[in-house]
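>>> pasting a predicted model and its sequence here:
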Amino acid sequence: MKPAIILSKTLPDDLRQRLDAHFNVTDIDGLTPENLDKYAHAFQQAEGLLKSGGQVDATLLAAAPRLRAVSTISAGYDNVDVEALTQREIVLMHTPTVLTETVADIMMALVLASARRVVELAEFVRANGWDGSISPELFAIDVHHKKMGILGMGRIGMALAQRAHFGFSMDILYHARKPHSEVDSRYKARYTDLETLLRESDFVCISLPLTEQTYHLIGRDQLAMMKKSAILINAGRGPVVDESALIEALKQGAIYAAGLDVFEEEPLPMNSALLSLPNVVALPHVGSATHETRYGMARDAVDNLIAALSGKVEKNCVNPQVLKS
Ligand SMILES: NC(=O)c1ccc[n+]([C@@H]2O[C@H](COP(=O)([O-])OP(=O)(O)OC[C@H]3O[C@@H](n4cnc5c(N)ncnc54)[C@H](O)[C@@H]3O)[C@@H](O)[C@H]2O)c1
Ligand SMILES: O=C(O)[C@H](O)CO
């Protein structure tokens, strides 16, 4: 008999067929408390879960006593209780590599859009403001040959360094848990402590995961260390930055601008002060949202679940210690 799984995401037809060939699939429209009740029998039976958003926590795990693998269509897994999964010897799979270049592209887009005021100036043209030569109040700041500080020198951080160093002749500083000698030599990058990175960088770019250690890593004190002309870019996770402190810093001109793909609350509430600040470029968490990459993520997540439930995991596993035990 095919193993039972829960699917909480609509997949492209060919991937759905691949999943059906391996599993008995129950579709649900999200990991909500209501669906835990409504599909209680399916959760009781499920050996696998394929999901994108939604929490995988103690409540869900209690409802799914036969669960052996969770496959998330994402690189980040801050909404999954990894420790609880590991204790239950449930494998957690994710989709990091396929999206790396695409997320680095959106970070570079945010760097350019916020420094060159792309959104603000496009709105100015649309509003019929362009009636002569552009005055200096509308001038922007350069990106090329500036200093980029990257927080979190992992897959995405490195792909961003590649773009910034080779494409824009930027100096690269980075802060991570440890120096990476290959990064230092390839991008002529310099490993620094957090404070040095904040004080020296023209662009502070966050590609960190959300963990207990990174929660509000950038708050009022850290924003105060940044140059007045500096720009903050965040495509890691919203809560890495204390959003109220960021709003204050932007309002007071303590930093020049921010380019954000992620927020403390998503979707970003329409009454957020961020939306009334001209020096903010806000995107709806679209770092990986291209047709090619979203397809690749779904494909990898399907393959990851098949591998995990057949005991053939070779990559993309968050808690490989479960495989060894
Ligand atoms: N905006 C988006 O759409 C989008 C898409 C994909 C990933 N992400 C986010 O980007 C994150 C990074 O993805 P990745 O593939 O580069 O992951 P990664 O694991 O390759 O890199 C993360 C880096 O952060 C460093 N790090 C972790 N904790 C740290 C700390 N306390 N201090 C300093 N450095 C620390 C790690 O050492 C690692 O080098 C994901 O976890 C996810 O939250 C966002
Ligand atoms: O982590 C990721 O892959 C993106 O942020 C989507 O959740």
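Happy to help now that I have it. Ligands and ions are numbered 1, 2, ... in the order given.

>>> which residue does the chain bring closest to ligand 1?
Nearest to ligand 1, among the residues of the chain, is residue 154, at 1.7 Å (C-beta to the nearest ligand atom). The C-beta positions use only the backbone N, C-alpha and C, and glycine is treated the same way.

>>> so who does the closest residue to residue 1 other than its chain neighbours touch?
Of all residues not flanking residue 1 in the chain, residue 24 sits nearest, at 7.7 Å (C-beta to C-beta, 6 or more residues apart in numbering). Residues counted as contacts of residue 24 (C-beta atoms under 8 Å, 6 or more residues apart in numbering) are 1-5.

>>> for residue 24, give me the pLDDT.
In this model, residue 24 is scored at 98, pLDDT.

>>> hmm, back to that, which non-adjacent residue is nearest the residue of the chain closest to ligand 1?
Distances taken as C-beta to C-beta, 6+ apart place residue 207 nearest to residue 154, at 6.7 Å, with adjacent residues excluded.

>>> and residue 249, how far is that from residue 142?
22 Å (C-beta to C-beta, to the nearest Å).

>>> picking up where we left off before, got phi/psi on the residue nearest to residue 1?
phi -90, psi 110 (degrees, to the nearest 10).

>>> what's the domain layout of the chain?
Annotated domains of the chain cover 4-97+292-322, 100-282 [the TED database].

>>> neighbour-wise, which of the contacts of residue 24 leads?
Neighbour tally across those (other C-beta atoms under 10 Å): the maximum, 24 neighbours, falls on residue 5.

>>> with adjacent residues omitted, what lies nearest to that residue?
The shortest distance from residue 5 to any residue other than its chain neighbours is 3.7 Å, reached at residue 48 (C-beta to C-beta, 6+ apart).

>>> show the contacting residues for residue 174.
Contacts of residue 174 (C-beta under 8 Å, 6+ apart): 149-151, 153, 157, 161, 180, 183, 189-192, 197.

>>> what about the residue nearest to residue 5, how many neighbours?
Count around residue 48 with other C-beta under 10 Å applied: 28.

>>> can you tell me how far it is from residue 68?
Taking C-beta to C-beta, one finds residue 48 at 7 Å from residue 68.

>>> now do the shared contacts for the two.
308-309.

>>> phi, psi for residue 76 please.
phi -70, psi 150.

>>> pull the contacting residues for it.
Neighbours of residue 76 in contact, by C-beta under 8 Å, 6+ apart: 94, 209-210, 237.

>>> compare residue 249 and residue 142 (neighbour count), which wins?
residue 249 (24 against 10).

>>> quick one: that one is in a helix?
Yes. Judged by DSSP: H, G, I helix; E, B strand; the rest coil, residue 249 forms part of a helix.

>>> return the residues of the stretch 201-325 of the chain in contact with ligand 2.
287-288 (C-beta under 6 Å from any ligand atom).

>>> strands of the stretch 201-325 of the chain, start to end?
203-206, 231-234, 257-260, 280-282 (DSSP state E, counting those that start in this stretch).

>>> in CSV: those, plus distance to ligand 1.
Listed next are these as CSV, based on distance: least, C-beta to the nearest ligand atom, whole Å:
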stretch, distance to ligand 1
strand 203-206, 8
strand 231-234, 8
strand 257-260, 10
strand 280-282, 12
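
>>> ok but residue 150 is inside a strand, no?
Yes. Per three-state DSSP, residue 150 lies within a strand segment.

>>> beta partners of the residue nearest to residue 5?
residue 5, residue 69 (DSSP bridges).

>>> and it, what does it touch?
3-6, 23, 67-71, 305, 308-309.

>>> ok, the most centrally placed residue in the chain - contacts?
Computing the C-alpha centroid of the chain and ranking residues by C-alpha atoms, centre = their mean puts residue 236 first, at 4.1 Å. Contact analysis of residue 236 by C-beta under 8 Å, 6+ apart lists 151-152, 206-210, 214, 262.
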